[in-house]
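Engineer: Compute the structure for the input listed below.
(2 chains)
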Number of protein chains: 2
Amino acid sequence: MTALLPEGYRDRLPPFADSAAALEARVLEAARLHGYERVDPPLVEFADGLEMRLKAGGLHDAVRFVDPVSQRTLAIRPDITAQVGRLAATRMGHHPRPVRLSYAGSVLKLRASQLAPAREWRQIGCELIGLDSVAAAQELVTVAVDALEAAGATGLSIDFTLPDLVQTLADGPLPVAADRIAELRDRLDAKDAGSVAAIAPDYLPLIEAAGPFDQAIAKLRAFDTSGALGSRIDGLVRIAAAIGDRVTLTLDPTERHGFEYQSWLGFSLFAAGLSQEAGRGGTYTVVHETGAEEAATGFSLYADALVANGGGVDRRRLFLPFGTPVADGADMRAQGWVTVAALEAGDTPEAQLCTHLWVAGETRAL
Amino acid sequence: MTALLPEGYRDRLPPFADSAAALEARVLEAARLHGYERVDPPLVEFADGLEMRLKAGGLHDAVRFVDPVSQRTLAIRPDITAQVGRLAATRMGHHPRPVRLSYAGSVLKLRASQLAPAREWRQIGCELIGLDSVAAAQELVTVAVDALEAAGATGLSIDFTLPDLVQTLADGPLPVAADRIAELRDRLDAKDAGSVAAIAPDYLPLIEAAGPFDQAIAKLRAFDTSGALGSRIDGLVRIAAAIGDRVTLTLDPTERHGFEYQSWLGFSLFAAGLSQEAGRGGTYTVVHETGAEEAATGFSLYADALVANGGGVDRRRLFLPFGTPVADGADMRAQGWVTVAALEAGDTPEAQLCTHLWVAGETRAL
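Structural biologist: As a prediction, the model looks like this:
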C-alpha cells in the first residue's frame, strides 16, 4: 500500500523521464532563439497575491497551507503564467518593453477534473509583456510552432478564437442586455442555436462562422456588416499569413471556454497523435501594483501531452567489463558514448541493457 | 505587499534562470554518460509512505495537506533520494542490479533553518541501487566529480567520513555502554575531547585522525590496532586512488551530522568560491516492501549553490529592425543566433539588450 501514489500523481521512469527533459530543453531552446529569456518563480506564493493574478477559477483547486513563519496562507502554484505576470509587473516593471520571458516548471492541483485527471504536470511557456498587437501574436504563434516542431510534434494545427467578440458586438452594433451577455456567450460557445435565437437572434450567423480558416473568415466578414470586427478580422488574416504555410488553421470565433482570461485573441495548439491539446495562448492583461494594466501575449504548452506522443532518446549503452581501465571509459564518454561499468565480476551487458560491449579496446555491437 | 514572496522562496530572473537550467542539463548529461538514467517522481506522495523512507528528520519540516480524494495526508517531498529508493524497491524492484538512476527536481520545506534559509531548492543526484562496495563508491565519486566539473566548478575537494565507525568499534574492540553510544558519537562529531575522555577515553585519538587524507589515514591506521577498521581504511584508500589526482581529499572519520542516513561511507563535496557544500553522498540502505534491505550508494548536488557561483550563458542577441523579413530571422536562428525582432517601429536594440544589429543582410556588433 505504501508504495502507491495518490491519484493524479505519477512517477516517470526511464526512458520517459529522459525524453521529457530532452523535449523540454528543445522547446526552451526554440524560445531562447527568439530572444525569450528564462525566469523561474518558486512553487510557493502568498495565496492572496497569487489569487489576484489568477483569473478564471483562481485558487479554488490549489493546494494551500498555513505558513508557520508569516502566519499567512500560502499556495502551491496551479499555473505559472500568473507568476510571470507578477514578475513583469514588479521586479521587471522597469525593464524596457516588450519583455520576452520563458519558463518551465511543475504546477499542482488539489483536485483533478474528469477530463484532466492529473494533479501535477509540467507547464512550459513564453510570455511577451508589453504588447498584444498583431505583430506580437504573429511572433508568439511562430515561437509556439517552432517549439512544437523542435519537440518533434507533427501535423500541427491552430484553432483561433476571439474571446471578447460578444462584448465587442454588444457594446457596438448588436446590443444585448448586460445581464444576458454571459448567457449568450455560453450558448454561442455551446453552439446552441435554439437558445441563441431566443436571447439575441442577430448573433445566430456566428455559430456557422466556424471551421477551416478561410471559409470561417469569409463568413465572419459577411456577418460583420457594421465593420465592428474589422480590425480583429484583418489581424487574424495577417497572423494566418505568417504561419499558414506551416500549420493547418481553423477559426471558432465564439469559443470561450478556457479563454476567459484572454482579451481579443485566443488560440489552441494541436498536434497529430495527441489525445489532448498541445497548448494554448492568446492576448491578455497584466495588472501592476498601481492598478495600471499592461497588454501581453503568450502561450503555454503541456509537456506531458507531448511526451506521451513519444520522443526518442538514444539508448546506445557500452558495457565495460569488470576491470576495464578507468581511462578507457573516460575516453569513450568523451566520444559521446554512454558507458556502464561492471562493478562486480558477475555483471553482464544483458542485465545492464547494454547495446555494445568493450572488447580488446574496441566496441562490439551486441 | 502582494508582490513579495514568503520568506525562503525566491524568483530566479534572467540570466540566472537560464544559467541554472544549463548547469542542471550539464550535470545530468555527465551522469547519463555513466549509464545513469533519469527518473522523475512526483512532488506529492502519501505522507506515511514517504516518512517511512526518510530517515533523519522525517517529515517534521515538510509541507503536508489533506487529500480531498483519498482523505489521507499527503506531503510535498523534502528530499528526492527517498522517492528514488521507493521506485527502486517497487516499480523497478525486478530490474537487474545494480540500477543506475539520476534525478533533478524541486524540494520544499515548511520551515527553514538558520543555516539554510531557503525553503525551496533544486536537488540533483545519482543513486546506484544494489551495491555499496568500494567499486560502487569509486564510481559515484567519479560521477560526482565529472558532474561538478561539467557544471564549471573548480577547486574541488571531497571530505570523507565513516558514519558507522563508533558502532563498529563499540561492537568490537572498544565496547561502550549501549545507552552512551549516541552521546559519544555526538561528542566525537563536536571534537569535544573533554567529554569523549569522560565517556570512553580509548576513542580520543579519533579526534586527531582528521585532516588531509594521507595524514588522517595514517593516524586512523595507527589507532586501529585491532584491525576492526581495516576493510574500511583499505576501501577509503582505494576510493582515494581513483579520484585523488583530480580533487583535494580530506578525512574526518567521526563527522556524523547529516550522515545519520549513511552506512559505512559518507562524503561531502566542496568547490572553490561556494559559501556552502556543493553536495554530499555515501552508502545507505533501501528497504523493500517485504522488509528486505538492499545496499545503495548515491550523491546529491545542491544546484542553487553551484548557480550562485556563476555559470556563463551566451547573451549574444541579434536585433532585427522593424520590418525585417521573417526568413532572415529564421536563417539566423538556424545558424544559432538569438534574434530579437522589433515588433514596433520605435523599438531599439538598446532597449532589448541586444549585442548585434541586422543591417543590410549582415550582423553588426554594437
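
Engineer: now the nearest residue in space to A:Arg64 that is not next to it in sequence: how far from B:Val63?
Structural biologist: Among residues not flanking A:Arg64 along the chain, A:Ala75 sits closest, at 4.9 Å (CB to CB, 6 or more residues apart in numbering or on different chains). Any C-beta I mention is one placed from the backbone N, CA and C, and that applies to glycine too. Separation of A:Ala75 from B:Val63 (CB to CB, to the nearest Å): 11 Å.

Engineer: re the thing from before, helix or strand for the residue nearest to A:Arg64, which one?
Structural biologist: Secondary structure from DSSP states H and E places A:Ala75 in strand A:73-76.

Engineer: Give me the buried positions along that strand.
Structural biologist: For strand A:73-76, burial by neighbour count (16 or more other CB atoms under 10 Å in any protein chain shown) applies to A:74-76.

Engineer: Show me what the helix or strand of chain A with the lowest mean pLDDT packs onto, helices and strands only.
Structural biologist: Here the helix or strand of chain A ranked lowest by mean pLDDT, DSSP states H and E is helix A:303-308, holding a mean of 78. Helices and strands touching helix A:303-308, as assessed by 3 or more CB pairs under 8 Å, 6 or more residues apart in numbering or on different chains; DSSP states H and E, comprise helix A:16-32, strand A:120-129.

Engineer: Give the full set of residues in contact with A:Arg256.
Structural biologist: Residues counted as contacts of A:Arg256 (CB atoms under 8 Å, 6 or more residues apart in numbering or on different chains) are A:161, A:163, A:185-186, A:188-189.

Engineer: Surely it is within a helix?
Structural biologist: No - using DSSP: H, G, I helix; E, B strand; the rest coil, the secondary structure at A:Arg256 is coil, not a helix.

Engineer: What pLDDT does the model give it?
Structural biologist: For A:Arg256, the pLDDT comes out at 87.

Engineer: mind checking how far it is from chain B?
Structural biologist: In this view, A:Arg256 and chain B are 27 Å apart by CB to the nearest CB, to the nearest Å.

Engineer: same check, this time on A:Ala303
Structural biologist: To chain B, A:Ala303 is 11 Å away according to CB to the nearest CB.

Engineer: what sits against that residue?
Structural biologist: So A:Ala303 contacts A:20, A:23-24, A:27, A:104, A:121-124 (CB under 8 Å, 6+ apart).

Engineer: Kindly tell me how buried A:Glu293 is, as a neighbour count.
Structural biologist: Under the neighbour criterion other CB atoms under 10 Å in any protein chain shown, A:Glu293 is assigned a count of 13.

Engineer: And for A:Leu204?
Structural biologist: 14.

Engineer: Any chance of TSV for the contacts of A:Arg256, columns distance to chain B and secondary structure?
Structural biologist: What follows is the contacts of A:Arg256, written out as TSV (distance: CB to the nearest CB, whole Å; DSSP: H, G, I helix; E, B strand; the rest coil):
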residue	distance to chain B	secondary structure
A:Thr161	22	strand
A:Pro163	21	coil
A:Arg185	30	helix
A:Asp186	27	helix
A:Leu188	31	helix
A:Asp189	29	helix
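
Engineer: wait, which of those residues is closest to B:Ala272?
Structural biologist: Taking CB to CB as the measure, A:Pro163 is the one of the contacts of A:Arg256 closest to B:Ala272, at 53.5 Å.

Engineer: Tell me which residues touch the closest one, please.
Structural biologist: Under the criterion of CB under 8 Å, 6+ apart, the contact list for A:Pro163 reads A:256, A:259-260, A:262-266, A:282.

Engineer: Just the buried residues of those residues.
Structural biologist: A:256, A:259, A:262-266, A:282.

Engineer: Out of these, flag the one nearest to chain B.
Structural biologist: Nearest to chain B among the buried ones among the contacts of A:Pro163: A:Leu265, at 14.5 Å, using CB to the nearest CB.

Engineer: Show the model's pLDDT score for the closest one.
Structural biologist: Reading off the model, A:Leu265 has pLDDT 98.

Engineer: Would you agree it is in contact with A:Gly235?
Structural biologist: Yes - between A:Leu265 and A:Gly235 a contact is recorded at 7.3 Å, counting by CB atoms under 8 Å.

Engineer: Overlap in contacts, those two.
Structural biologist: Applying CB under 8 Å, 6+ apart, one finds that A:Leu265 and A:Gly235 are jointly contacted by A:Ala137.

Engineer: do you know how far A:Asp61 is from chain B?
Structural biologist: Taking CB to the nearest CB, one finds A:Asp61 at 10 Å from chain B.

Engineer: Which pLDDT value belongs to the closest residue to A:Thr283 other than its chain neighbours?
Structural biologist: In space, and not counting its chain neighbours, A:Thr283 is closest to A:Asp132: 3.7 Å by CB to CB, 6+ apart. Per-residue pLDDT puts A:Asp132 at 97.

Engineer: and if you look at A:Gly49?
Structural biologist: Note for A:Gly49: predicted pLDDT of 90.

Engineer: my guess is it is in a helix, correct?
Structural biologist: Yes - counting by three-state DSSP, one finds A:Gly49 located in a helix.

Engineer: Strands of the stretch 1-150 of chain A, start to end?
Structural biologist: For the stretch 1-150 of chain A, strands defined by DSSP state E, counting those that start in this stretch occupy the ranges A:37-38, A:44-46, A:64-66, A:73-76, A:99-108, A:120-129.

Engineer: Can you list the helices and strands that the third one packs against?
Structural biologist: Read that as strand A:64-66. Strand A:64-66 packs on strand A:73-76, strand B:64-66, going by 3+ CB pairs under 8 Å, 6+ apart.

Engineer: what sits against the residue of chain A most remote from its centre?
Structural biologist: Relative to the centre of chain A, and counting by CA atoms, centre = their mean, the farthest-placed residue is A:Ala360 at 49.9 Å. If a contact means CB under 8 Å, 6+ apart, then A:Ala360 has no contacts.

Engineer: ok, it to B:Pro175 distance?
Structural biologist: Counting by CB to CB - A:Ala360 and B:Pro175 are separated by 53 Å.

Engineer: cool, and A:Leu188?
Structural biologist: The spacing between A:Leu188 and B:Pro175, counted by CB to CB, is 84 Å.

Engineer: So between these two, which is more surrounded?
Structural biologist: Shown here are A:Leu188 and B:Pro175; by other CB under 10 Å, A:Leu188 has more neighbours (25 against 12).

Engineer: neighbours around the residue lying closest to the more buried one once chain neighbours are set aside, how many?
Structural biologist: Once flanking residues are discounted, A:Leu188 sits nearest to A:Thr254: 3.9 Å by CB to CB, 6+ apart. Here the number of neighbours of A:Thr254 (other CB under 10 Å) works out to 23.

Engineer: Between the two ends of stretch A:201-221, what distance do you get?
Structural biologist: Start-to-end span of stretch A:201-221 (CA to CA, to the nearest Å) is 18 Å.

Engineer: Buried ones in that stretch, by neighbour count?
Structural biologist: A:203, A:206-207, A:209-210, A:213, A:216-217, A:219-221.

Engineer: avg pLDDT for that stretch?
Structural biologist: The model assigns stretch A:201-221 a mean pLDDT of 97.

Engineer: from what I can see A:Gly361 touches A:Asp328, true?
Structural biologist: Yes - the pair A:Gly361 and A:Asp328 qualifies as a contact (CB under 8 Å) at a distance of 7.3 Å.

Engineer: Could you check which of the two is surrounded by more residues?
Structural biologist: A:Asp328 (15 against 9).

Engineer: which stretch of helix or strand covers the more buried one?
Structural biologist: Short version: A:Asp328 belongs to helix A:326-334, going by DSSP H and E.

Engineer: Each with direction, which strands does the following helix or strand past that helix pair with?
Structural biologist: Counting by DSSP H and E, the next helix or strand C-terminal to helix A:326-334 is strand A:338-341. Sheet pairing of strand A:338-341 (DSSP bridges) gives strand A:317-320 (parallel).
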